[in-house]
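# have a look at this prediction, sequence included:
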Amino acid sequence: MPAKFRIGKLAVIGVGLIGGSFAMALRKARAVGRVVGVGRTRRNLATALRLGIIDEIAVDAVTAVRDADFVLLGVPVGQMPEVMARIAPHVARHAVISDAGSTKQDVIASARRFLKDSLGRFVPAHPVAGTEMNGAGAAFATLYRGRNVILTPQAETSRTAVATVRRAWEACGARVFRLRPDEHDAIFAAVSHLPHVVAFALVGALARRRNARKLFAFSAGGLRDTVRIAGSSPEMWRDICISNRDALLEVLDAYMEELERARGAIAATDAATLERMFEAARAARARWLVARRS
């Protein structure tokens, strides 16, 4: 019978929704001993301490990673290079390092550049979970239950490190899969990054209209459901869009072509084309929902 999985000391760099929920889930599973957190604002870290997400506030990332068994980088992807460069000389020789970024090729490139001797113990990961809320106060222990986590290890990544990261996420209740980094970034450009850009753009377009206050006052479920994710962190999504630029531009172009088709049909009063477009989309959505339940 395999030994029970347990992390002695977990260092969470960036104790927000993702990093905080990871720590809480491991604590709930009794799979972690001590959790040390570091972040940019004392107020957020104080919240994490008060809620029992972390046991200790570290003064900086270097202090946090010393003698840690597992280091989770929960910062926006644009901050990964700086954080990796700072911690690389101080990470324990046995420590496993992972991230929770929504893009992978850029994070791996940063790891190759900055982690050096620790590169073989770095396991790139992406938990496909979240809400439009952020900060330690938004974290909860069941965020990852039944959700997917993607690992994109490289040829030089230690099998032991991969197994450790896999077991950590499984202890959180997640289902773990592996993809190539380029495949990962192309998929999530389409199913995650594009929807966020669309939501932000739609709210922005409405907010710039002269009657914006009246528009929002009379809006109902359709707008609310469509733009829920526009409440997400602008900093995080700015970094994701820039990091995954090429893949995102490709799917943005395809989406704009579809919008132009719809606009052309509306302008031409072409009801038949509109109905075919809408019916095809509804059928595709139904197939997707059935596949998700199976």
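That came through fine.

# C-alpha from now on. contacts and neighbour counts both.
Noted.

# what segments of the stretch 51-200 of the chain are helices?
All helices of the stretch 51-200 of the chain, identified by DSSP state H, counting those that start in this stretch, fall at 61-65, 80-87, 105-114, 159-171, 181-188, 194-207.

# of those helices, which is nearest residue 127?
The closest of the helices of the stretch 51-200 of the chain to residue 127 is helix 159-171. By CA to CA, the value is 8.5 Å.

# so which elements touch the closest one?
With contacts defined as 3 or more CA pairs under 8 Å, 6 or more residues apart in numbering; DSSP states H and E, helix 159-171 has these neighbours: helix 17-28, strand 96-99, strand 122-123, strand 175-178.

# partners of the shortest one in the sheet?
So the one you mean is strand 122-123. Strand pairing for strand 122-123, determined by DSSP bridges: strand 96-99 (parallel).

# burial measure for residue 72, as a count.
26 (other CA atoms under 10 Å).

# specify the local secondary structure of residue 9.
Three-state assignment for residue 9 (DSSP: H, G, I helix; E, B strand; the rest coil): strand.

# just checking, it touches residue 37?
No. The criterion here is CA atoms under 8 Å, and residue 9 misses it with residue 37 at 10.7 Å.

# who has more neighbours out of these two?
Legend: neighbour count by other CA under 10 Å for residue 9 and residue 37, higher for residue 37 (30 against 20).

# tell me the average confidence for the helix or strand where the more buried one lies?
For residue 37, the element it lies in under DSSP states H and E is strand 32-38. Mean pLDDT, strand 32-38: 97.

# distance from the chain centre to that strand, please.
20 Å (CA atoms, centre = their mean, to the nearest Å).

# partners of that strand in the sheet?
strand 7-13 (parallel), strand 56-57 (parallel).

# deepest in the core, which of the helices and strands packed on helix 159-171 is it.
Mean neighbours per residue, mean count of other CA atoms under 10 Å, is largest over these for strand 122-123, with a mean of 27.

# dump the residue contacts of the most centrally placed residue in the chain.
Nearest to the mean C-alpha position of the chain, by CA atoms, centre = their mean, lies residue 102 at 4.3 Å. By CA atoms under 8 Å, 6 or more residues apart in numbering, the contact list for residue 102 reads 77, 126, 127, 188, 240.
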